[in-house]
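*Asks:* all I have is the shape, not the residue letters:
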């Protein structure tokens, strides 16, 4: 049998409920020259039985006699693999059928890229319905990693040479810092990263699954960042934001500590977060209240109003003034959840959220419109203009109930305005005028927008000159 081009490494511990679907999503790929290496990290469940049930020579099972942790399981799989390219797949995630083909084509066209990553579909907690699309930046660098997680391991395909250039995953990171450390080492070693602009995995989330050993996770994040900032290759612009970097990672741990009633730990970490990055308290609403809201509403099974009020009440007394922003956050949560449900065609759920928002006197503002436009443009990238215009029609009656009956026209005007800007930047000049006209028809105030006049006149001029050349 010929050597496979791609090795898909699936570490698994107590994931028998999901690993079959993960494996099948690889078998169903449009590109078929791969091997699948499942590393059973001493699971006490039926993982081994499920994997051994595949009568496919491309599916290999390796079993650890004792539990060694996620980074060790990944290393076992990578070491046993033979592919020039390595795709990581968490055992509860699912590949889109075009995942491997899309990445292979991209990496073939871009030999200077060491790691490619993709957009992804975010699934609702404990469900297979879509909550949204995560679209990371087109290009990421070390500064993106120290400040957060621009993509997850299942998003990536990396060249084998780069995995070994940084000596694989550090196995001492057993509580959650292994990904941060691995990608920081890749970036600081000169690896180039770039996006495949399609949603190519389905990422699962699990309601009420506890985050274990939070103090250990905090230590892992600290060590990974310490090692990065102490590396003599670390650039000055990255060193300049070290406090912000620690704060962002600590904030995640603080959030889960309060969520899981580890109140003393949560309050202690929140105090350190604010010391490191006091700007999180700036604004009304503040960055901190937005962070809490964004995370709480990710789980449709949670009563975000009840949970948000409780969590704000548990914050340390130093940030007690944030309680004044709670009512705003509760109302915004209903709008965001309602909008999300309507976009993804869960109309009854959306109706309930919008009804509650209307009862609480919700209003639409510029920030919400811009956030929604960003979502719609990403949605259009996946499903096309017609599907996105159908979403706009579904949203219209709900938005018009919140403050003004013209909200939907405002949204449509902004959507076509941004679509026109995007087309202009992509030098698709023939598309610009139609979008400009639609923007003005829906939102006449754009008649006075100089930027809109500029891209309209310049696009017409470019199109005219192109016609003359033809």
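*Replies:* Cool, the structure landed. Since we're looking at a predicted model, the values are computed, not measured.

*Asks:* for the rest of this, base every contact and every neighbour count on C-alpha atoms.
*Replies:* Noted.

*Asks:* count residues in the vicinity of residue 309, would you?
*Replies:* 15 (other Cα atoms under 10 Å).

*Asks:* what mean pLDDT does the helix or strand harbouring it have?
*Replies:* For residue 309, the enclosing helix or strand under DSSP states H and E is helix 304-314. Helix 304-314 shows a mean pLDDT of 97.

*Asks:* residues contacting residue 100?
*Replies:* Residues near residue 100 by Cα atoms under 8 Å, 6 or more residues apart in numbering: 29, 30, 31.

*Asks:* surely the first one is within a strand?
*Replies:* No - remark: residue 29 does not belong to a strand; assigned using DSSP: H, G, I helix; E, B strand; the rest coil, it is coil.

*Asks:* secondary structure class for the nearest residue to it once chain neighbours are set aside?
*Replies:* Distance criterion Cα to Cα, 6 or more residues apart in numbering; nearest residue to residue 29, sequence neighbours excluded, is residue 97 at 4.4 Å. Secondary structure state of residue 97, per three-state DSSP, is coil.

*Asks:* repeat that for residue 56.
*Replies:* For residue 56, the secondary structure call by three-state DSSP comes out as coil.

*Asks:* now the residue nearest to residue 29, what are its backbone angles?
*Replies:* Main-chain torsions, residue 97, degrees, to the nearest 10: phi -50, psi -30.

*Asks:* check residue 197 too.
*Replies:* The phi/psi pair for residue 197 (degrees, to the nearest 10) is phi -80, psi 60.

*Asks:* strands of the stretch 101-250 of the chain, start to end?
*Replies:* 115-123, 130-134, 156-159, 193-203 (DSSP state E, counting those that start in this stretch).

*Asks:* so residue 199 makes contact with residue 122?
*Replies:* No - using Cα atoms under 8 Å, residue 199 makes no contact with residue 122, being 9.6 Å away.

*Asks:* neighbour-wise, which of these two wins?
*Replies:* With other Cα under 10 Å as the criterion, residue 199 and residue 122 differ in neighbour count, and residue 199 comes out ahead with 24 against 20.

*Asks:* give me the beta-bridge partners of the more buried one?
*Replies:* When assigned by DSSP bridges, residue 199 has beta-bridge partners residue 119.

*Asks:* tell me who's in contact with residue 151.
*Replies:* 117, 118, 136.

*Asks:* show me the shaky parts of the protein.
*Replies:* Residue ranges of the chain with pLDDT under 70: 1, 464, 467-470.

*Asks:* how's it carved up into domains?
*Replies:* Residue ranges for each domain of the chain read 6-205, 364-470, as given by automatic domain parsing.

*Asks:* now the end-to-end length of the first one.
*Replies:* So the one you mean is domain 6-205. 26 Å (Cα to Cα, to the nearest Å).

*Asks:* same deal with stretch 184-199?
*Replies:* Counting by Cα to Cα, you get 24 Å between the two ends of stretch 184-199.

*Asks:* run through who's touching it.
*Replies:* The contact list for stretch 184-199 (Cα under 8 Å, 6+ apart) reads 96, 102-103, 106, 112-121, 133, 135-142, 145-146, 162, 166, 228, 233-234, 381-382.

*Asks:* about what we covered before: in CSV, list the strands of the stretch 101-250 of the chain along with distance to residue 264.
*Replies:* Below are the strands of the stretch 101-250 of the chain laid out as CSV (distance: least, Cα to Cα, whole Å):
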stretch, distance to residue 264
strand 115-123, 31
strand 130-134, 32
strand 156-159, 37
strand 193-203, 32
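
*Asks:* of all those, which one is nearest residue 354?
*Replies:* Among the strands of the stretch 101-250 of the chain, the nearest to residue 354 by Cα to Cα is strand 130-134 (16.6 Å).

*Asks:* which of the residues in the closest one are buried?
*Replies:* 130, 131, 132, 133, 134 (16 or more other Cα atoms under 10 Å).

*Asks:* correct me, but the second one touches residue 124?
*Replies:* So that's residue 131. Yes - in this structure, residue 131 is within contact of residue 124 by Cα under 8 Å, at 5.1 Å.

*Asks:* which neighbours do the two have in common?
*Replies:* Counting by Cα under 8 Å, 6+ apart, the residues touching both residue 131 and residue 124 are residue 298.

*Asks:* most neighbours, which of the contacts of residue 151?
*Replies:* residue 117 leads these on contacts (other Cα under 10 Å) with 31 neighbours.

*Asks:* sorry, back to before: buried ones only from the contacts of stretch 184-199, please, as a ChimeraX command.
*Replies:* Burial among the contacts of stretch 184-199 is assessed by 16+ other Cα under 10 Å; the matching ChimeraX selection reads:
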select :96,102,103,106,113,114,115,116,117,118,119,120,121,133,135,136,137,140,141,142,145,146,162,166,228,234,382
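
*Asks:* and the helix holding residue 309, what other elements does it pack with?
*Replies:* Here helix 304-314 touches helix 242-259, helix 287-296, helix 326-343, going by 3 or more Cα pairs under 8 Å, 6 or more residues apart in numbering; DSSP states H and E.

*Asks:* redo these as a markdown table? Include distance to residue 88.
*Replies:* Below are the helices and strands packed on helix 304-314 laid out as a markdown table (distance: least, Cα to Cα, whole Å):
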| stretch | distance to residue 88 |
| --- | --- |
| helix 242-259 | 23 |
| helix 287-296 | 25 |
| helix 326-343 | 29 |
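
*Asks:* can you list the buried residues in the helix holding residue 309?
*Replies:* For helix 304-314, burial by neighbour count (16+ other Cα under 10 Å) applies to 304, 305, 307, 308, 311, 312, 314.

*Asks:* picking that back up, just give me the closest of the contacts of residue 151 to residue 35.
*Replies:* Checking the contacts of residue 151 against residue 35 by Cα to Cα gives residue 117 as the nearest, at 19.5 Å.

*Asks:* any idea how far that closest one is from residue 108?
*Replies:* Applying Cα to Cα, the value for residue 117 to residue 108 is 14 Å.
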